[in-house]
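[1] pasting the structure only:
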């Protein structure tokens, strides 16, 4: 899946969790949790949303890789075979 | 005949605006059914009915702000005669010829003031004098119990708190849902709902200010703190989550909440309310879970009977509650029923919190952020462990630090045996 598509999927999932969150405005190395004010329940809901939309497994041990925007998109790209 | 009233959704609520009816005249209603949506300082709340029967009349038009306790609808019990429902010229139809209030029009309705009698005024259907203790009247409002349905056992047949609580418990059992009765005069409600305004940060700040000022003014708080080693609890969650897809995973907070509920079974003096100069034990362990809202503000809706939920059910309840707290759609019972509150700062919060009791509750527990710190283990060795600072604020009128200490020790003990939670 192309990076722009992945970015759109993430933004979509986030919109259901934090409607006012502006994923596009987050810089690549920023921590999503700080920038978008996500608590652990929000973060779990993000993982659940990505798991359901993309059909990928995201083990809990991988969570730290998903904390930054770049890290998250790289991880998803690798998992979706791009 | 029972009256369904504007419920009190917390110590800080004085009035609410009816924005949606989910029932029609002539329809049967069940205990626990969501029958209306009320706009409060905490946003739009789905209000449940605590009666069984048939809706006889809707008494308050959409868009109207009325004080807590105001009758909103008349409900005929399953076994009762339909006599009162016979069309009578005196039956007021006017209030239901509703103008659709726009958000801009709402303030003017507020300025006009409520057009219906306040809670203390006798409702037409409850003309007979009922003796009620002040505490019972208050408890009835909290539970949404109509006093005219309560059998009094106090002096001269006065209704006591225990009577109200018994009525709340027994309402479902006493009144099995009868066959739907043909409506005497069906109206075409539910009408189109008024627009929900969502939650208003300014109004919510006022509500928090009122409740917390009252707490600090009236409640002599004492504070306790313990540090708990979460090594075993976190390892338990990690091992369990490893085998599960994301939707079936647990958050550590689930264990904290469950341990709190089980520990409260051993210190019931901390689970309940301070009302009218005395402690009233809670009817169950209904934990208020403090949820911060985007844009500012806080609600602490209750999860009912946490001590009896397994971890998966509790996790599902917490996810559902957070979602509804943030999008609107909390229910009246969730806002009125909490017997004890837990605030959890979470993984990005401060290390400890000294919380303020939410009146009329008598204690509140605070969990800080889990941090890795040096720790001396059972064998006397120095290790690095994930530690959690747990704080308790207690109402000194209702308990002492000795009892509060027992609660913290019990929570610690339970978290060392997570498989038993």
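    Now that the structure is in, tell me what you want to look at. Please read all numbers here as calculations on a predicted model, not as lab measurements. Numbers count the residues shown, from 1 in each chain, chains lettered A, B, ... in the order given.
[2] What count of nearby residues applies to residue B:266?
    Neighbour count of residue B:266, defined by other C-beta atoms under 10 Å in any protein chain shown: 12. To be clear about C-beta, it is placed using only N, CA and C from the backbone, and glycine gets the same treatment.
[3] So the residue lying closest to it once chain neighbours are set aside, which state does it fall into?
    Using C-beta to C-beta, 6 or more residues apart in numbering or on different chains and skipping the chain neighbours, the partner closest in space to residue B:266 is residue B:410 (5.6 Å). Following DSSP: H, G, I helix; E, B strand; the rest coil, residue B:410 is assigned to helix.
[4] ditto for residue A:73
    helix.
[5] And for residue B:319?
    Relying on three-state DSSP, one would call residue B:319 helix.
[6] all helices of chain A, in order?
    With DSSP state H as the definition, chain A shows helices at residue ranges A:3-17, A:32-35, A:40-54, A:69-79.
[7] Packed most tightly, which of these would that be?
    Burial of these is given as mean neighbour count (mean count of other C-beta atoms under 10 Å in any protein chain shown); helix A:40-54 ranks first at a mean of 19.
[8] So which residues on chain A come close to chain B?
    Applying C-beta under 8 Å from any C-beta of the partner chain, we find that chain A lies next to chain B at A:18, A:20, A:33-34, A:37, A:39-41, A:44-45, A:47-48, A:51-52, A:57-61.
[9] mind running it again at 10 Å?
    Residues of chain A lying close to chain B (C-beta under 10 Å from any C-beta of the partner chain) are A:16-21, A:31, A:33-34, A:36-52, A:56-61.
[10] neighbours of the spatially closest residue to residue B:291 that is not a sequence neighbour, just the number please.
    In space, residue B:291 comes closest to residue B:325 once its chain neighbours are excluded; the distance is 4.5 Å by C-beta to C-beta, 6+ apart. Residue B:325 is flanked by 23 other residues according to other C-beta under 10 Å.
[11] Does residue B:325 touch residue B:334 like I think?
    Yes - using C-beta atoms under 10 Å, residue B:325 is in contact with residue B:334, at 8.9 Å.
[12] For residue B:307, which non-adjacent residue is closest in space?
    What sits nearest to residue B:307 in space, not counting adjacent residues and going by C-beta to C-beta, 6+ apart, is residue B:261, at 3.9 Å.
[13] Help me confirm that residue B:347 comes into contact with residue A:44.
    No - between residue B:347 and residue A:44 there is no contact under C-beta under 10 Å: 11.2 Å.
[14] Residues that sit against both of those two, list them.
    Residues touching both residue B:347 and residue A:44 by C-beta atoms under 10 Å, 6 or more residues apart in numbering or on different chains: A:38, B:251.
[15] returning to what we had before: and the residue nearest to residue B:266, how many residues sit next to it?
    Residues lying near residue B:410 (other C-beta under 10 Å) number 18.
[16] List the beta-bridge partners for residue B:5.
    Judged by DSSP bridges, the bridge partners of residue B:5 are residue B:71.
[17] err, residue B:224, not the other one
    Note on residue B:224: beta-bridge partners residue B:392, judged by DSSP bridges.
[18] Tell me how many other residues crowd residue B:380.
    Using other C-beta under 10 Å, the number of residues around residue B:380 comes to 6.
[19] Would you double-check that it falls in a strand?
    No - Residue B:380 is assigned coil when assessed by three-state DSSP, not a strand.
[20] interface residues of chain B facing chain A?
    Where chain B comes near chain A, counting by C-beta under 10 Å from any C-beta, the residues are B:237-238, B:240-242, B:244-253, B:291-292, B:294-295, B:315, B:318-319, B:321-323, B:326-327, B:344-349.
[21] And the buried ones among these, selectable in PyMOL?
    A single PyMOL command is used to select the members of these judged buried by 16 or more other C-beta atoms under 10 Å in any protein chain shown:
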select buried, chain B and resi 237+240+241+246+249+250+251+252+253+291+292+315+318+319+321+322+326+344+345+346+347+349
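[22] Among the residues of chain B next to chain A, which ones are in strands?
    Mapping the residues of chain B next to chain A onto strands (DSSP state E) picks out B:291-292, B:344.
[23] could those go into CSV alongside pLDDT?
    Below are these laid out as CSV (pLDDT from 0 to 100):
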residue, pLDDT
B:291, 89
B:292, 86
B:344, 94
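[24] How many neighbouring residues does residue B:316 have?
    Counted with other C-beta under 10 Å, residue B:316 comes out at 14.
[25] per-domain residue ranges of chain B.
    Using automatic domain parsing, the domain ranges for chain B come out as B:2-174, B:201-420.
[26] Can you check which of the ones you listed gets nearest to residue A:11?
    With C-beta to C-beta as the measure, domain B:201-420 is the member of these nearest residue A:11 (16.6 Å).
[27] how about low-confidence regions in chain B?
    Chain B contains residues with pLDDT under 70 at B:81-142, B:144, B:148, B:154-158, B:169-199.
[28] in it, which spans are helices?
    Per DSSP H, chain B carries helices over the ranges B:106-112, B:134-143, B:161-174, B:201-218, B:231-242, B:252-266, B:311-327, B:332-336, B:401-415.
[29] which one of those has the most crowded surroundings?
    Greatest average neighbour count among the helices of chain B goes to helix B:332-336 (a mean of 24), per mean count of other C-beta under 10 Å.
[30] tell me the contacts of the residue nearest to residue B:264 when sequence neighbours are not counted?
    Nearest residue to residue B:264, sequence neighbours excluded (C-beta to C-beta, 6+ apart): residue B:271, at 4.7 Å. With contacts defined as C-beta under 10 Å, 6+ apart, residue B:271 is in contact with B:260-261, B:263-265, B:281-287, B:307, B:339-340, B:361-363, B:407.
[31] do the same with residue A:73
    Residues near residue A:73 by C-beta under 10 Å, 6+ apart: A:3-4, A:6-7, A:9-10, A:28, A:66.
[32] Now with 8 Å, please.
    Residue A:73 makes contact with A:3, A:6-7, A:10, according to C-beta atoms under 8 Å, 6 or more residues apart in numbering or on different chains.
[33] What of residue B:361?
    Contacts for residue B:361 (C-beta under 8 Å, 6+ apart) come out as B:272-274, B:288, B:338-341, B:395.
[34] Go through those residues and say which is closest to chain A.
    Chain A has its nearest neighbour among the contacts of residue B:361 in residue B:288, at 16.2 Å by C-beta to the nearest C-beta.
[35] How many residues are close by the closest one?
    23.
[36] repeat for the one 5 residues further on
    A count of neighbours around residue B:293, defined by other C-beta under 10 Å, yields 15.
[37] What of residue B:280?
    A total of 19 residues lie near residue B:280 under the criterion other C-beta under 10 Å.
[38] which one is it nearest to, not counting chain neighbours?
    Spatially, and ignoring its direct neighbours in sequence, residue B:280 is nearest to residue B:273 (4.8 Å; C-beta to C-beta, 6+ apart).
[39] mind checking how far that neighbour is from residue B:303?
    Separation of residue B:273 from residue B:303 (C-beta to C-beta, to the nearest Å): 18 Å.
[40] closest to residue B:24 out of the helices of chain A?
    helix A:3-17 (32.4 Å).
[41] Please give me every residue in contact with the residue nearest to residue B:307.
    Shown in contact with residue B:261 (C-beta under 8 Å, 6+ apart): B:285, B:287, B:306-307.
[42] what sits up against stretch A:16-25?
    Residues lying outside stretch A:16-25 but in contact with it, judged by C-beta under 8 Å, 6+ apart, are A:7, A:10-11, A:14-15, A:36-38, A:42, A:45-46, A:49, A:69, B:294-295.
[43] let's see 7 Å
    For stretch A:16-25, contacts defined as C-beta atoms under 7 Å, 6 or more residues apart in numbering or on different chains pick out A:10-11, A:14, A:36, A:38, A:42, A:45-46, A:49, B:294.
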